[in-house]
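J.: can you look at this prediction? I've put the sequence above it.
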Amino acid sequence: MQTFGRNYAGLFNGRHGRTGTLWEGRYKSCLVDSEQYVLTCYRYIELNPVRARMTEDPKGYAWSSCRANTTGRPDPLVAPHPAYLALGRDEPDRRVAYCGLLAEALPEDTLAEVQIYLQQQRALGTDRFREQVQAKLQRFAGVRPAHRPRKAIPP
């Protein structure tokens, strides 16, 4: 993979007149409580190109699952989640329901919550879900403050 990345980055950069690595930064992921948060994550991901001002319409972004989820255009890389399938009894109903969800802006607090859990790679979900993850993995699943706690200064 390292050799492939180096060779491909050189070819890509030469072709597009750019420099640097293609995949900057570390890959981030987090566990998601499917029952409550998966559609929120769908919306978060599919609206990222809009927030980044790469497109005005998320359906127009070629590298997104949005087109498959909103128009029914087949995509072999997209497998609908049961939460998406539960939006309607058939495909047209699901698309209409999902378009309605996508049209609603994600509240700022929800957006911040998804971002912090993703940044820290923690379990996004209810307290009960995080407790289950902690018990299973034997590691902390919630978010931590951004900085180290201040050292106590002795009196």
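T.: Here it is on my side, so go on.
J.: what's the domain layout of the chain?
T.: For the chain, the structural domains run 34-106, 107-143, going by automatic domain parsing.
J.: checking my notes, A62 in a helix, right?
T.: No: A62 is assigned coil when assessed by DSSP: H, G, I helix; E, B strand; the rest coil, not a helix.
J.: after the helix-or-strand element of the chain with minimal mean pLDDT, which helix or strand is next?
T.: Lowest by mean pLDDT, DSSP states H and E among the helices and strands of the chain is helix 2-16, with a mean of 82. With elements assigned by DSSP states H and E, the helix or strand that comes after helix 2-16 is helix 34-51.
J.: check the offset of that next one from the chain's centre.
T.: Here helix 34-51 is found 6 Å from its chain centre; the criterion is CA atoms, centre = their mean, to the nearest Å.
J.: show me the shaky parts of this protein.
T.: Across the chain, residues meeting the criterion (pLDDT under 70) sit at 23-26.
J.: what's near enough to touch the residue nearest the centre of it?
T.: Residue closest to the average C-alpha location in the chain (CA atoms, centre = their mean): I45, at 4.3 Å. Residues near I45 by CB atoms under 8 Å, 6 or more residues apart in numbering: 64-65. (Each C-beta comes from the backbone N, C-alpha and C, glycine too.)
J.: ok, now with 10 Å
T.: Contacts of I45 were listed using CB atoms under 10 Å, 6 or more residues apart in numbering, and they are 58, 64-66, 114, 118.
J.: format those residues as CSV; extra columns: secondary structure and distance to L31.
T.: Shown next, in CSV, are the contacts of I45 (DSSP: H, G, I helix; E, B strand; the rest coil; distance: CB to CB, whole Å):
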residue, secondary structure, distance to L31
P58, helix, 24
S64, coil, 22
S65, coil, 19
C66, helix, 23
V114, helix, 13
L118, helix, 11
